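Visitor: Got a sequence here, can you build the structure:
(one chain, ligands or ions: 2)
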Amino acid sequence: GLLVRVRNMVKHFNTSKGVFKAVQGVDVDIEPSSICALLGPSGSGKTTLLRLIAGLEGVTDGRIYFDDLDATDLAVQDRQVGMVFQSYALFNHKTVAENVMFGLEVRKLDVDRRKRVEDLLELVQLTGLGDRYPRQLSGGQRQRVALARALASNPKLLLLDEPFGALDAVVRKQLRAGLKEIVQTVGVTTIIVTHDQEEAFDLADKVVIFNRGFIEQIGSPTEIIRRPATPFVMKFVGDTNDVPAASLLVRRSRFLTSKSRVMFRPSDIQLFTEFVESVDGHLVTGATVSERANLGWTVRYTLRFDDDVEVEYSVTREQADGRLGLDIGQRIYLYVKPEAMMGFEPE
Ligand code: ADP
Ligand code: MG
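Guide: Ligands and ions are numbered 1, 2, ... in the order given. Modelled structure (predicted):
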């Protein structure tokens with residue numbers, strides 16, 4: 001696999017409203033034969049970065065290296081990348097085999113083409129479907145054809161832009177498992193753009209969190225989930241309570257001002273139904289249960305502090321109907337471990 005290094009990548013678009021800064025100075029390394037996910041909200045610059053790496057867009061500034069080669073100014077066809085997009089982009093008048101064959105022809109490889117197509121269809125688990133037309137396939141099967149076509153020319157780099165975005169959740173999950181296996185078998189370095197966290201965390205060795213053209217954090221799924229680096233990442237990767245530090249009686253005046261806020265996961269709340277003054281020397285905050293929402297498997301309670309600031313607290317339906325159930329209006333006391341809190345100063 002290829003080592004991809006992106007350095008100080010900048011992309012500006014000239015629009016009728018002026019210059020739009022889609023990518024604003026991005027540095028990332030993608031290790032050989034690994035899967036890297038670009039994750040972030042819509043419009044954050046993920047596709048733009050992928051297109052820059054593919055050579056479909058010219059850079060405004062910065063460099064892209066493929067191993068030791070400076071690939072920044074290479075033409076698309078000289079980059080040896082395979083690409084799959086959300087919309088299938090298969091030729092509807094060609095059979096599955098012909099579609100995959102097209103991937104071969106582009107690169108004019110001198111191999112036994114029919115054998116190669118058969119091998120590729122086996123790889124994506126479509127053995128025997130070579131004579132079908134795209135319209136005779138399910139959405140998931142069509143995306144597997146697109147993947148086989150992208151891999152046909154033995155690319156050094158596989159670029160996927162929301163490849164499963166148009167498919168339902170069950171099919172997505174199946175394709176995800178299949179993709180991981182294929183990438184491992186072929187050993188191709190892979191970059192996948194997605195706004196689906198589950199997909200990113202499940203598939204990728206490295207996740208890059210995008211926001212407004214900047215990178216908020218780069219890390220393994222575990223690092224990002226357990227140690228979010230910024231308030232944005234904290235909110236983006238899980239349910240988050242965001243309250244004034246004072247409401248939670250957080251007294252860390254050394255670095256917290258009256259405007260300071262703290263964030264924590266609803267699942268990190270320790271809740272007491274009897275009065276408790278402190279835990280490990282930290283003050284416990286009194287609150288009242290103000291709302292209960294039944295959300296399928298989970299029940300979400302709203303807890304209101306005495307200064308009217310509200311937080312959310314979730315338990316499973318089973319817990320709520322049993323020992324851990326709370327009544328509206330009930331007085332409770334809550335505590336959050338300092339390690340589970342992220343303190344920050346709002347801008
Ligand atoms: P994402 O893939 O994260 O949803 P994109 O990279 O597609 O985001 O887009 C980032 C921003 O750049 C968007 O606001 C988009 O409108 C803008 N953009 C993308 N391509 C162009 C273009 N060719 N001209 C002008 N603006 C563009
Ligand atoms: Mg996109």
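Visitor: can we go C-alpha only for contacts and neighbour counts from here?
Guide: Noted.
Visitor: Tell me, how many residues neighbour the nearest residue to Ala166 once chain neighbours are set aside?
Guide: Leaving aside its sequence neighbours, Ala166 sits nearest to Gln86 (C-alpha to C-alpha, 6 or more residues apart in numbering; 6.5 Å). Other residues lying near Gln86 total 15 when counted by other C-alpha atoms under 10 Å.
Visitor: Repeat that for Arg300.
Guide: Residues near Arg300, counting by other C-alpha under 10 Å, number 19.
Visitor: From Arg51, how far off is Ala75?
Guide: Distance from Ala75 to Arg51, counting by C-alpha to C-alpha, to the nearest Å: 12 Å.
Visitor: circling back: so the residue nearest to Ala166 is in contact with Leu159, correct?
Guide: No. Taking contacts as C-alpha atoms under 8 Å, Gln86 lies outside contact range of Leu159: 11.5 Å.
Visitor: which ones are touching Ala246?
Guide: If you count contacts by C-alpha atoms under 8 Å, 6 or more residues apart in numbering, Ala246 has them with 258, 260-261.
Visitor: does it count as helix, strand or coil?
Guide: helix (DSSP: H, G, I helix; E, B strand; the rest coil).
Visitor: cool, Val315 as well?
Guide: strand.
Visitor: From Thr298, how far out is it?
Guide: Taking C-alpha to C-alpha, one finds Val315 at 6 Å from Thr298.
Visitor: Ok, Ile53 next?
Guide: On the measure of C-alpha to C-alpha, Ile53 and Thr298 end up 42 Å apart.
Visitor: And Val208, by the same measure?
Guide: Distance from Val208 to Thr298, by C-alpha to C-alpha: 29 Å.
Visitor: more neighbours, the two?
Guide: Neighbour comparison, Val208 and Thr298: the larger count goes to Val208, with 23 against 15 (by other C-alpha under 10 Å).
Visitor: so the more buried one touches Cys36, yeah?
Guide: Yes. If you go by C-alpha under 8 Å, Val208 and Cys36 touch, sitting 7.4 Å apart.
Visitor: Of Ala75 and Arg51, which one has the most company?
Guide: Comparing Ala75 with Arg51 by other C-alpha under 10 Å, the one with more neighbours is Arg51, at 18 against 13.
Visitor: Give me the helices and strands touching the helix or strand hosting that one, please.
Guide: With elements taken from DSSP states H and E, the one containing Arg51 is helix 46-54. Judged by 3 or more C-alpha pairs under 8 Å, 6 or more residues apart in numbering; DSSP states H and E, helix 46-54 is in contact with strand 18-30, strand 157-161, strand 189-194.
Visitor: what's that helix in contact with?
Guide: 11, 22-23, 38-40, 57-59, 64, 72, 76, 79, 81, 159, 161, 191, 193, 210, 213.
Visitor: Buried residues of stretch 30-50, list them for me.
Guide: 30-40, 44-50 (16 or more other C-alpha atoms under 10 Å).
Visitor: who wins for neighbours among the contacts of Ala246?
Guide: Counting neighbours by other C-alpha under 10 Å, Arg261 leads the contacts of Ala246 with 21 neighbours.
Visitor: got a list of what Arg176 touches?
Guide: By C-alpha under 8 Å, 6+ apart, the neighbours of Arg176 are 199, 203.
Visitor: Low-confidence stretches in the stretch 101-250 of the chain?
Guide: 105-111, 250 (pLDDT under 70).
Visitor: And the helices in it, which stretches?
Guide: Along the stretch 101-250 of the chain, counting by DSSP state H, counting those that start in this stretch, helices occupy 113-123, 139-151, 169-186, 197-203, 221-226, 231-236.
Visitor: Reduced to three states, what does the residue of the chain most remote from its centre come out as?
Guide: Residue farthest from the centre of the chain, counting by C-alpha atoms, centre = their mean, is Phe275 at 41.2 Å. In terms of secondary structure, Phe275 is coil; the call rests on three-state DSSP.
Visitor: Quickly note the distance from it to Arg292.
Guide: Taken as C-alpha to C-alpha, the span from Phe275 to Arg292 is 22 Å.
Visitor: go on, Arg63?
Guide: Taking C-alpha to C-alpha, one finds Arg63 at 52 Å from Arg292.
Visitor: can you list the residues of this protein near ligand 1?
Guide: Residues of the chain lying near ligand 1 by C-alpha under 6 Å from any ligand atom: 13, 15, 22, 42-48.
Visitor: at 8 Å instead, please
Guide: Proximity of the chain to ligand 1 (C-alpha under 8 Å from any ligand atom) is limited to residues 13-15, 20-23, 39-50, 193, 195, 210, 212-213.
Visitor: before we move on, what SS does Lys259 have?
Guide: coil.
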